[in-house]
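Asker: below: sequence and its predicted model.
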Amino acid sequence: MYAPSSTTTTKTTWMTTRITSSVVSSVQRRVQLSPHNPPVGRRRRRRPRRAAAVAAATNNNNNNECVKTKREMLTLTAAMSFLTFQREQVRADDEVVVVEEEEVATAEKEEEPVIVMRDIRTVVITGCNHGIGLDAATKFAKTNNLQVILACRTMAKAKEAKYEILDAIAAEGGRVNDPSLLVPAECDLADLESIKTFATSLGDEPIDILCLNAGVQYAGSKEVNRTKDGFEVSMGTDHLGHFYLTNLLLKNVESAASSSTLKPRIVITASEVHDPESPGGKVGRGAGLGNFDGIKEDGAEFELMDGSEFDADKAYKDSKLANILFANELNRRLRLANSQINVVSFGPGLITRSNFFQHQNPVFTKVFDFAANDLLHVAETVSGGGDCLIKMALDPELENKTGVYYNNDLGGDTGHIFHEASTSKESMNTEEAEDLWTWSEALVGEEFDVYI
Ligand SMILES: NC(=O)c1ccc[n+]([C@@H]2O[C@H](COP(=O)([O-])OP(=O)(O)OC[C@H]3O[C@@H](n4cnc5c(N)ncnc54)[C@H](OP(=O)(O)O)[C@@H]3O)[C@@H](O)[C@H]2O)c1
């Protein structure tokens with residue numbers, strides 16, 4: 001369990017306190033128990049050699065093949081200063097205390113917790129063999145300081161994504177220093193067993209950034225497409241698949257906090273179409289989960305969660321509403337559990353040149369693409385959508401923000417303004433968010449209490 005903190009500074013202070021209190025209490029214990037406290041009058045002071053102590057700690061970590069950050073060095077230095085101060089306090093009681101350095105060293109060795117800071121952080125990104133996921137994964141890889149787990153529907157797609165990323169970076173004259181940091185993995189979000197196998201394969205690997213990006217829509221389709229477990233495919237993939245994956249990996253995400261100076265993030269690719277009053281959300285039937293009558297009546301075989309007549313376009317909008325309700329409820333539970341994890345969601349704008357419209361009528365898609373890009377200039381590029389994801393995952397501006405939503409709206413010099421925005425009225429319904437969590441547990445067949 002981590003000490004709650006709202007800033008990185010607080011976290012550093014907390015680490016410092018942990019180190020110092022453990023070392024100091026050890027020394028104080030030894031002082032009190034010493035039968036050799038000489039009489040008042042003679043004082044011998046031995047200051048710990050700070051530089052040597054820091055060097056020793058650094059060597060120790062080198063042996064563990066760990067890299068110390070400057071921040072950690074400062075933490076250790078602060079700890080040693082505090083130790084010196086405490087020794088002097090004990091002596092100020094007019095008792096002469098001699099604490100042999102060897103004894104202190106033993107105490108430090110026994111008591112000092114080893115805090116290992118990773119220099120490479122880990123990102124898991126779903127749906128990254130196409131579209132904005134592939135673009136963002138390429139940008140993650142370019143940083144050369146992230147391990148990127150490419151979670152795709154099949155291993156073949158994930159391997160292909162890896163080579164596309166390497167090729168794209170090379171074509172720009174860039175370089176991935178360590179290609180083994182791009183890790184292809186199979187995670188079919190339309191198959192609970194595949195999700196579980198993937199999550200299990202990660203063991204207790206810390207995950208700093210979990211990007212829930214995969215998404216699918218069959219707008220225009222008259223028939224209900226279903227996942228392997230029988231759920232309607234948009235809700236099953238976009239919401240239920242990610243709900244299950246997130247809960248299975250939550251401990252991995254939380255654990256990343258103890259070995260990084262940055263808070264872990266869960267980033268959810270949602271959409272403005274979750275909001276029936278937004279420009280995209282008011283075309284056709286609006287999103288809404290009603291009273292979950294669809295699940296109450298048909299269980300896992302629901303067509304739409306609200307039980308109304310099936311409409312594939314509404315099913316997709318509902319899945320994006322579920323993304324935001326899930327983000328809000330997850331955030332609420334994490335805050336109650338004093339978690340370090342931040343949860344953020346965003347809408348990347350309308351992007352017609354990803355694979356997103358692949359299941360729609362090809363003639364409609366062509367006309368729509370032309371109108372959105374060349375006539376009305378309302379579309380975002382795939383790269384622009386990838387930039388939105390990268391901002392949500394890496395921007396320090398979001399380090400102390402959680403439960404927020406950003407939207408890529410039209411406007412500004414570039415035609416797009418990506419900014420913090422409000423979400424629909426229904427998405428803010430906390431009771432509905434809790435109910436969705438409970439129904440989602442029932443559908444995936446597992447309960448998840450967020451006790452980190
Ligand atoms: N394009 C837009 O206008 C737009 C607007 C708002 C929000 N979004 C959201 O942005 C996200 C990315 O969309 P995009 O535009 O980049 O579309 P895209 O090019 O179609 O990419 C979607 C990605 O999700 C993956 N995916 C779908 N079903 C999956 C499954 N069962 N298991 C694993 N991966 C699966 C796809 O993999 P496969 O190749 O295996 O299908 C693909 O990699 C989605 O969540 C979407 O809802 C898009």
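Answerer: The structure has been received and is ready for your questions.
Asker: the residue nearest to Asn328 when sequence neighbours are not counted: which element?
Answerer: Distances taken as CB to CB, 6 or more residues apart in numbering place Ala433 nearest to Asn328, at 5.0 Å, with adjacent residues excluded. All C-beta atoms are positioned from the backbone trio N, CA, C, and that covers glycine. In the assignment (DSSP states H and E), Ala433 maps to helix 430-444.
Asker: flag every buried residue along that helix.
Answerer: Residues of helix 430-444 classed as buried: 432-433, 435-437, 439-441, 443-444 (neighbour count, 16 or more other CB atoms under 10 Å).
Asker: then stretch 166-186?
Answerer: For stretch 166-186, using 16+ other CB under 10 Å, the buried residues are 166, 168-169, 176, 181-186.
Asker: can you redo these as TSV with secondary structure and pLDDT?
Answerer: Output for the buried residues of stretch 166-186, formatted as TSV (DSSP: H, G, I helix; E, B strand; the rest coil; pLDDT from 0 to 100):
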residue	secondary structure	pLDDT
Leu166	helix	98
Ala168	helix	98
Ile169	helix	98
Val176	coil	98
Leu181	helix	98
Leu182	strand	98
Val183	strand	98
Pro184	strand	98
Ala185	strand	98
Glu186	strand	98
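Asker: farthest pair within those residues?
Answerer: Ile169 and Glu186 (23.2 Å; CB to CB).
Asker: for the ligand, what is the nearest residue in the stretch 151-300 of the chain?
Answerer: Here the stretch 151-300 of the chain gets closest to the ligand at one residue, Gly215, 2.2 Å apart by CB to the nearest ligand atom.
Asker: now do the same contact list for that residue.
Answerer: 127, 234, 237-238, 269, 271, 319-320, 356 (CB atoms under 8 Å, 6 or more residues apart in numbering).
Asker: run the last query once more with 6 Å
Answerer: Asp238 (CB atoms under 6 Å, 6 or more residues apart in numbering).
Asker: can you check Phe198 too?
Answerer: Contacts of Phe198 by CB under 6 Å, 6+ apart are 185, 187.
Asker: ok, it to Ala158 distance?
Answerer: 10 Å (CB to CB, to the nearest Å).
Asker: next: Glu186.
Answerer: 6 Å.
Asker: which residues touch Ser260?
Answerer: Counting by CB under 6 Å, 6+ apart, Ser260 has contacts Asp208.
Asker: and it, what's its pLDDT?
Answerer: According to the prediction, Ser260 has pLDDT 95.
Asker: try Glu441
Answerer: So, for Glu441, pLDDT stands at 98.
Asker: these two touch, right, it and Asp435?
Answerer: No. Assessed by CB atoms under 6 Å, Glu441 is found out of contact with Asp435, at 10.8 Å.
Asker: so how far is stretch 290-299 from its chain's centroid?
Answerer: 31 Å (CA atoms, centre = their mean, to the nearest Å).
Asker: buried stuff in it?
Answerer: For stretch 290-299, by 16+ other CB under 10 Å, it's 292, 294-295.
Asker: now, the residues you listed that are in strands?
Answerer: Applying DSSP state E to these, no entry is found in strands.
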